[in-house]
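[1] Predicted model and sequence follow; I will ask about them next.
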Amino acid sequence: MKNIVITIARQYGSGGRTVGKMLADELGIHYYDKELSKVASELSGINESLFVDSDEKVKKKWKDKISFKSTVYDGNVSESDLTSRESIFGYQAAAIKYLAEKGEPCVIVGRCADFVLKDYDNALRVFVHADQDFLMQEAGKVQSLTGKELEKFIAQIDKGRSDYYKFHTGKNWTDALNYDLCLDSGKLGFEKCVEAIKAYARVRFGEDCFD
């Protein structure tokens, strides 16, 4: 099997995480979501809880300070503050690059992985989205909220992801130009999203890419 790294960004409720896990299980490859915090911790020696605390979130004090940072994608960090938000993201970005260069195919969910690996020829960058009704339906399966409260909850989660992406990349999270493939899970369903990703990979990397 070729060393293909599939990154998945996703709206809350779109099932992007489910699609990623289904894809990884079907292909028999590694899946990194929350597990990425452990990898970053092991590589950096920084406590894992610091990565979890900053996971796809930007606190207000940081948003007020600057609009975005883009100085740590090579994994270098400031010696003056090894646990700053930029440094924590730098360690995480270094972990993502490590996985991409490790020689083993994998799926990575979130964490601006598409941007971190934008110059990697072996990266396949996917964005999973859906219409509001589908997002509400799927989110309602795991949240006790309903109606306007659930709608507000979904909007807050996605705003957090969007702010995080903007802060660290300077780009808009939902811009299709950031991705190789954008999939509407509400129209396709999860299984067909998996098939679409595999089909795209075979066109791009060769029919034997998963053999």
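    Nice, I can see it. For clarity, every value in this text was computed on a predicted model and none was experimentally measured.
[2] This structure: helices as residue ranges?
    With helices called from DSSP state H, the chain shows them at 16-27, 35-44, 48-53, 60-65, 85-101, 113-116, 132-139, 147-169, 185-188, 190-205.
[3] Pick the most deeply packed of those.
    The highest mean neighbour count among those, using mean count of other Cβ atoms under 10 Å, belongs to helix 113-116: a mean of 25. In short, each C-beta sits where N, CA and C put it, glycine included.
[4] Put the alpha carbons of that one into CSV.
    Taking Å, rounded to 0.1, in the frame of the first residue of the first chain, the C-alpha atoms of helix 113-116 are listed here in CSV:
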residue,chain,number,x,y,z
ALA,A,113,-3.7,18.8,8.9
ASP,A,114,-4.8,19.8,5.4
PHE,A,115,-2.9,23.0,5.7
VAL,A,116,0.1,21.5,7.5
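[5] name the helices or strands packed onto it?
    When contacts are defined as 3 or more Cβ pairs under 8 Å, 6 or more residues apart in numbering; DSSP states H and E, helix 113-116 packs onto strand 5-10, helix 85-101, strand 123-129, helix 147-169.
[6] now with 10 Å?
    Packing partners of helix 113-116 (3 or more Cβ pairs under 10 Å, 6 or more residues apart in numbering; DSSP states H and E): strand 5-10, helix 85-101, strand 106-109, strand 123-129, helix 147-169.
[7] Out of the helices of the chain, which gets the lowest mean score?
    Note on the helices of the chain: lowest mean pLDDT is at helix 60-65, with a mean of 44.
[8] give me every residue that touches L177.
    Neighbouring residues of L177 by Cβ atoms under 10 Å, 6 or more residues apart in numbering: K171.
[9] What separation do you get for it and L135?
    Separation of L177 from L135 (Cβ to Cβ, to the nearest Å) stands at 23 Å.
[10] contacting residues around the most centrally placed residue in the chain?
    Central residue of the chain (Cα atoms, centre = their mean): G110, 1.3 Å from the mean position. For G110, the contact set (Cβ under 10 Å, 6+ apart) comprises 7-10, 16-17, 20, 32-34, 36, 55-56, 161, 164-165.
[11] how close does it sit to I96?
    Here G110 is placed at a distance of 10 Å from I96 (Cβ to Cβ).
[12] list the residues that contact both of those two?
    Here G110 and I96 share the contacting residues T7, Y32, L36, scored by Cβ under 10 Å, 6+ apart.
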